[in-house]
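**Student:** coords please:
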Amino acid sequence: MQTAQTRKEVPLEDKKPKSVGIWIRVSTEDQARGESPEHHEKRAQLYAGSKDWKVKEVYHLEAVSGKSVMDHPEAQRMLKDIRNGHITGLIFSKLARLARNTRELLDFADFFREANCDLISLQEAIDTSSPAGRLFYTMIAAMAQWEREEIASRVAASVPIRAKLGKPLGGAAPFGYRWVDKKLVISPEEAPIRKRIYELFLEHRRAKTVGRLLNEAGHRTRAGAKFSGTTVLRLLTDPSAKGRHRANYTRSLGDGKGWKKKPEDEWVYSEVDPIVSVDLWEQCNQILAQREKGKRPAKKVVHLFSGVAECHCGKKMYVPSHTPKYICFACRNKIPAADLEGVFHEQLKSFVFSPAEITRYVEGADQTLAEKEGLLKALERDQQKVKVEMDKVMKLYLEDQLTPKGFGERHKPMEERLQQIHAQLPELQAEIDFLKVKLQSTDQIFNEARDLYSRWPELAFEEKRRIVENITERIVIGEKDVSIELCYLPSSEMVADGQHIPIPVLPFCQVKLRGQRPPPLGYPKSPKTLGEHIRRRRMDLGLSQEQAGKAMGVHNSTVSEWETNQRPIDDRNLAKVYAFLGYRPDPLPKSFQERVRYWRQSLGLSRIQLSLALGLNHSVVQGWENGANPKKDSLTRLRTFLVEELGKEVKL
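**Tutor:** Modelled structure (predicted):
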């Protein structure tokens with residue numbers, strides 16, 4: 001601006017009223033305290049009137065942060081008016097209302113000075129036409145920025161504390177929840193849709209497919225937009241749905257620059273009511289994690305339990321082409337395919353004929369029905385909202401407040417959404433009706449399952465496979481038992497006419513059945529010979545004949561001959577056999593001569609070796625075993641020796 005010495009004198013009769021603009025920027029918090037935009041405008045109007053200035057423009061920036069205003073459309077309009085001489089001064093209530101950034105305040109001052117225009121702050125009484133005014137202006141601007149940074153620092157420090165206390169941090173509630181008395185509670189309108197997202201993703205495993213199905217069903221986001229794949233992925237990974245609300249995990253990069261995640265040690269979790277089970281949330285996110293690792297879908301299965309059979313070690317089990325067994329290639333656990341199907345069939349029987357399981361099933365069915373009805377109510381509320389919005393748009397059009405083009409742009413998406421809702425409502429209602437019919441008779445429900453059990457042996461492979469895919473979560477093959485986790489209660493309707501009905505009888509979460517593994521083929525349940533004991537012990541340990549031979553120090557052919565009783569086990573190998581078994585299958589004999597032989601064989605000693613170990617003539621032990629009575633001293637030596645070698649008292 002020009003100083004008083006350089007400013008040209010204008011004849012009094014040629015002077016015109018000064019043209020000024022009024023700058024109004026009032027934050028949301030200020031408005032809440034009663035500092036309305038109208039109040040600031042009236043104050044500036046009165047001041048301009050007292051100076052005989054003419055107010056040409058009013059620049060409104062309500063609810064705009066003072067951190068950076070230079071690029072705001074109203075600020076650009078004001079600067080343009082100054083450049084073309086439309087206004088020669090700008091009135092505002094105080095410096096903090098113009099901007100809080102020192103750099104921008106100084107830029108405004110330089111721009112006004114070059115354009116020979118004035119900045120008028122009513123509260124600070126600043127006139128930038130004088131050096132003293134410019135100095136004071138700079139000082140006040142610096143104080144304004146310091147104040148903003150100090151407030152921001154205090155707010156940032158309070159965020160983790162507020163998050164740990166479970167208080168809202170100013171953001172919107174996650175989809176499916178709402179803030180009530182500063183606490184997150186489940187939204188009855190959004191929660192059924194949020195749960196439906198997880199159910200659809202678990203079924204289809206494609207976020208875009210889930211978004212399309214939701215949109216076709218007439219569902220929309222909180223803002224009224226269609227669900228996109230990105231939105232579905234964000235909601236799937238948000239842990240709030242399983243009861244863990246995450247806060248203080250992002251920081252802003254600046255206006256319009258997006259967000260960045262903070263280090264995980266700064267994240268704060270609080271407990272909220274869950275919308276879905278932890279198992280459902282984990283299953284969906286495990287699918288996403290596998291996708292990130294580049295895991296591709298498996299090939300189409302050709303065996304009944306392929307894809308669901310797992311070893312107790314956590315690895316999948318497969319059926320190689322050279323054997324009819326499910327095998328774990330990590331720990332070599334195996335089970336014949338026929339045995340696994342037998343366990344599955346038998347456990348199906350124990351489930352559908354169990355009164356306790358029937359009660360549990362009906363309780364789960366009631367919950368499923370309630371969830372479906374909740375989803376129907378949410379859809380009906382959406383339908384009513386869309387109708388209200390369509391009526392509003394129609395009213396605006398009839399009152400000539402909307403052009404035909406504007407009417408079409410607003411009305412068409414709502415009309416499309418209403419049609420989708422109309423299409424989804426009868427389908428959902430049909431599901432509910434179906435479930436209600438099924439719940440009318442518990443006996444009927446389980447009669448169907450029992451019918452499936454009785455018809456199982458007659459079903460074709462394709463029908464059995466379809467049932468396994470629909471009702472089985474996984475089958476874990478343990479060393480001694482088989483654990484079966486069912487998803488749905490099986491029904492004979494699932495294979496009617498070779499078609500899978502779109503609505504399972506009733507969903508069932510985490511139904512676990514456990515049955516004993518059948519013994520392998522050739523397993524001696526009641527061994528009578530020593531060879532049969534060896535065979536049973538080898539099968540219990542899951543060893544081959546070659547492995548068992550190495551353990552006993554003999555060839556695998558010898559083990560085979562022992563097991564089939566084709567070769568007697570000589571004395572020198574008996575001790576190794578007993579060590580392999582971990583016990584002696586034959587009872588302790590009654591006579592002294594038989595007991596001597598019993599203990600000698602247990603130690604793997606010949607008659608001569610035992611005689612020498614006792615310090616006796618080599619023929620003494622042979623005499624005992626042939627019926628000779630021992631002397632008292634020899635008997636004492638024998639008892640002492642056996643106790644030392646066997647580590648226990650023995651009976652002679």
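
**Student:** what about stretch 403-420, distance to the chain center?
**Tutor:** 36 Å (CA atoms, centre = their mean, to the nearest Å).

**Student:** Would you mark the buried spots in it?
**Tutor:** Going by neighbour count (16 or more other CB atoms under 10 Å), the buried part of stretch 403-420 is Phe407, Arg410, His411, Pro413, Met414, Arg417, Leu418, Gln420. For every residue, glycine as well, the C-beta is placed using N, CA and C.

**Student:** For the residue nearest to the second one when sequence neighbours are not counted, what is the enclosing helix or strand?
**Tutor:** It refers to Arg410. Distances taken as CB to CB, 6 or more residues apart in numbering place Val393 nearest to Arg410, at 4.9 Å, with adjacent residues excluded. According to DSSP states H and E, Val393 maps onto helix 355-398.

**Student:** Between which two of the buried residues of stretch 403-420 is the distance greatest?
**Tutor:** Phe407 and Gln420 (20.4 Å; CB to CB).

**Student:** now, which of the buried residues of stretch 403-420 sits nearest Ala613?
**Tutor:** Taking CB to CB as the measure, Ala613 lies nearest Gln420 of the buried residues of stretch 403-420, at 92.9 Å.

**Student:** check contacts around that closest one.
**Tutor:** Counting by CB atoms under 8 Å, 6 or more residues apart in numbering, Gln420 makes contact with Asn215, Glu216, Ala217, Gly218.

**Student:** The last one touches Leu379, doesn't it?
**Tutor:** Yes: when contacts are counted by CB atoms under 8 Å, Gly218 is listed as touching Leu379 (6.3 Å).

**Student:** Where does Val554 sit: helix, strand or coil?
**Tutor:** Here Val554 takes the coil state, with states given by DSSP: H, G, I helix; E, B strand; the rest coil.

**Student:** which residues sit in contact with it?
**Tutor:** Val554 touches Asn573, Lys576, counting by CB under 8 Å, 6+ apart.

**Student:** What's the separation between it and Glu561?
**Tutor:** Distance of Val554 to Glu561, computed by CB to CB, to the nearest Å: 10 Å.

**Student:** average pLDDT for the helix or strand just after the helix holding Val393?
**Tutor:** Counting by DSSP H and E, the element after helix 355-398 in chain order, helix or strand, is helix 404-439. Mean pLDDT, helix 404-439: 81.

**Student:** Ok, stretch 335-351 next?
**Tutor:** Across stretch 335-351, pLDDT averages out at 81.

**Student:** circling back: which residues do Gly218 and Leu379 both contact?
**Tutor:** With contacts defined as CB under 8 Å, 6+ apart, the residues shared by Gly218 and Leu379 are Ile421, Gln424.

**Student:** Out of the buried residues of stretch 403-420, the closest to Ser321 would be?
**Tutor:** The nearest member of the buried residues of stretch 403-420 to Ser321, counting by CB to CB, is Gln420 at 48.9 Å.

**Student:** For Arg196, give me its contacts.
**Tutor:** Leu214, His219, Leu375.

**Student:** one more time with 10 Å, if that's ok
**Tutor:** Val210, Leu213, Leu214, Ala217, His219, Val276, Glu371, Leu375, Ala378 (CB atoms under 10 Å, 6 or more residues apart in numbering).

**Student:** Distance of the third one relative to Ser228?
**Tutor:** Read that as Leu214. From Leu214 to Ser228 the distance is 10 Å (CB to CB).

**Student:** for the helix or strand containing Arg536, what is the average pLDDT?
**Tutor:** Per DSSP H and E, Arg536 falls inside helix 530-541. Averaging pLDDT along helix 530-541 gives 86.

**Student:** Only the buried residues of it, if you could.
**Tutor:** Within helix 530-541, the residues that count as buried by 16+ other CB under 10 Å are Leu530, Gly531, Glu532, His533, Ile534, Arg535, Arg536, Arg537, Arg538, Met539.

**Student:** now those residues as TSV including distance to Lys315?
**Tutor:** Shown next, in TSV, are those (distance: CB to CB, whole Å):
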residue	distance to Lys315
Leu530	36
Gly531	34
Glu532	32
His533	32
Ile534	30
Arg535	28
Arg536	27
Arg537	26
Arg538	24
Met539	22
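
**Student:** what's the most distant pair in those?
**Tutor:** The widest separation within the buried residues of helix 530-541 (CB to CB) is 15.3 Å, between Leu530 and Met539.

**Student:** how deep is Ala225 tucked in, by neighbour count?
**Tutor:** Applying other CB atoms under 10 Å, we find 11 other residues in the vicinity of Ala225.

**Student:** which regions of the stretch 151-300 of the chain sit below the pLDDT cut-off?
**Tutor:** Scanning the stretch 151-300 of the chain for pLDDT under 70 picks out the ranges 151-171, 248-259, 262, 265-267, 293-300.

**Student:** all helices in it, in order from the N-terminus.
**Tutor:** Remark: helices assigned in the stretch 151-300 of the chain by DSSP state H, counting those that start in this stretch are 191-204, 207-216, 229-237, 278-292.

**Student:** Tell me which of the ones you listed sits nearest to Ile126.
**Tutor:** Judged by CB to CB, the one of these that comes nearest to Ile126 is helix 229-237, at 47.7 Å.
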